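# I need the structure of the sequence given here:
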Amino acid sequence: MSNRFGGRFSPGTRTQPALPPTPRHPHEGRPKWITLAATPFLLGAFFQGAAGMVTDLAAFGLVASGMWMTREGLVAQATFQARRIAKRPAIPRKLFGGVLAGLGLGLGAAEPGIWAEAGLIGAAGLALHQISFGLDPWRDKTAAGVDSFQQDRAQRMIDEAEGHLEQMRAAITRTGDRRLEARVAMFDASVRHLFDRVRDNPGGLSSARRYLGVYLMGARDATMRFADLYALTQDQTARADYESFLDDLEKDFIARADRLLDGDRDALDIEMSVLRDRLAREGLTGAATRVDPADRPALQSAEAQTLDDLLRTPFPGQKVPRD
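Have a look, this model is predicted:
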């Protein structure tokens, strides 16, 4: 049965709130070109004996696996750099990818009696890989005023919420409707937007706890019940109600994420105002005697003949030094 797909400007398409773009590493597309460069191992394997075929196939598999792991490492690094507070990746994927690629190059170049040369080729491949793609993040990224206890508690809550999202995706897959799967994927992206805000501001976990716990569990249960019903009956009324439910819930999640971001802006305004007041009390800035531009006198002095004379024009309340 065909499915109807709609775009942004299609009739009847609901306008979805704008979400921040997914972070991408500038070198994320390079590993596939290295995999393509290793295809001679794959193509030449079928024109050799059994030992040569197995060796070349293993060499291509190692290089392809290394490049896949390298790409995953680049994705993890882009996500790590985009967040204000983040933990380093648990697995150094780029390092492991470089090791696998080096082993593949060395194995592909191996011949009886030249094992040392093959090892040098593999080591050179590992070194070039690290130069091209860099190292994995080795330290956690923290922010001032955020302790590790708050950060760990927020991360545990996010891990539980990600489990609820995974169950939602698995349930909606049972319907076999790709449009519904895409709709749940959009809701998933909105929830992850809230995840990012909680990671950046673990102190706001108390206000987002209901969204990551009770509300998300309710969305998971509703999705599972809807998937079971829709797979049997194809009830279009139930489908419309479910999509409307996701629309309302998605707006609530995005609104909560925006309020957390507004809290960061309020904290910034408070910090700047406190610093201005302190500098004004110490006489290190003109913030206390700031003059509104509308109250400045017009520079119409007949005696002002040079730029220095214009700059000496007194402001209201300013004492003019005597010569």
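# from here on, contacts and neighbour counts on C-alpha atoms
OK.
# List the contacts of Met224.
By Cα atoms under 8 Å, 6 or more residues apart in numbering, the contact set of Met224 is 168, 171-172.
# again, only this time at 7 Å
For Met224, the contacting residues are 168, 171, by Cα atoms under 7 Å, 6 or more residues apart in numbering.
# helix or strand right after the one helix or strand it maps to?
Met224 belongs to helix 216-233 when assigned by DSSP states H and E. Downstream of helix 216-233, the next assigned helix or strand under DSSP H and E is helix 236-281.
# List the buried residues in the helix holding Met224.
Neighbour counts over helix 216-233 (16 or more other Cα atoms under 10 Å) mark 216-217, 219-224, 226-227, 230 as buried.
# does the nearest residue in space to Tyr230 that is not next to it in sequence sit in a helix or strand, and which one?
Setting aside the residues directly before and after it, Tyr230 is nearest to Thr175 in space (Cα to Cα, 6 or more residues apart in numbering), at 6.6 Å. Per DSSP H and E: Thr175 is located in neither a helix nor a strand.
# Likewise for Ile121?
Following DSSP H and E, one finds Ile121 within helix 115-133.
# How about residues contacting that helix?
98-99, 101-103, 105-107, 109-110.
# tell me the mean pLDDT over the helix or strand following it?
Next along the chain after helix 115-133, taking DSSP H and E as the criterion, comes helix 148-173. Averaged over helix 148-173, pLDDT sits at 84.
# Could you tell me the angle between helix 148-173 and helix 216-233?
10 degrees (axes from the mean of the first three to the mean of the last three Cα atoms, to 10 degrees).
# Give the buried residues for helix 148-173.
Neighbour counts over helix 148-173 (16+ other Cα under 10 Å) mark 151, 154-155, 157-158, 161-162, 164-165, 167-169, 171-173 as buried.
# so what are the domain limits for this protein?
Listed by automatic domain parsing, the domain ranges of the chain are 30-133, 148-281.
# Spell out for me which residue occupies the centre of this protein.
Residue closest to the average C-alpha location in the chain (Cα atoms, centre = their mean): Thr79, at 4.0 Å.
# Count the residues that sit near the closest residue to that residue other than its chain neighbours.
Of all residues not flanking Thr79 in the chain, Pro23 sits nearest, at 6.0 Å (Cα to Cα, 6+ apart). Per other Cα atoms under 10 Å, the neighbour tally for Pro23 reads 15.
# And Pro23, what's its pLDDT?
At Pro23, pLDDT is 73.
# Report the contact partners of it.
Residues near Pro23 by Cα under 7 Å, 6+ apart: 78-79, 82.
# hmm, back to that, I'd say the residue nearest to Tyr230 and Ala227 touch.
Yes. Counting by Cα atoms under 7 Å, Thr175 does reach Ala227; the two are 5.7 Å apart.
# Output the lowest mean pLDDT helix or strand found in this protein.
Lowest by mean pLDDT, DSSP states H and E among the helices and strands of the chain is helix 307-311, with a mean of 52.
# as a whole number, average confidence for stretch 104-121?
Per-residue scores along stretch 104-121 average to 86.
# gap between the two ends of that stretch?
Length of stretch 104-121, first residue to last, Cα to Cα, to the nearest Å: 10 Å.
# list the buried ones in it?
104-110, 118-119, 121.
# Centre of the chain to that stretch, how far?
Relative to its parent chain, stretch 104-121 has a centroid offset of 40 Å by Cα atoms, centre = their mean, to the nearest Å.
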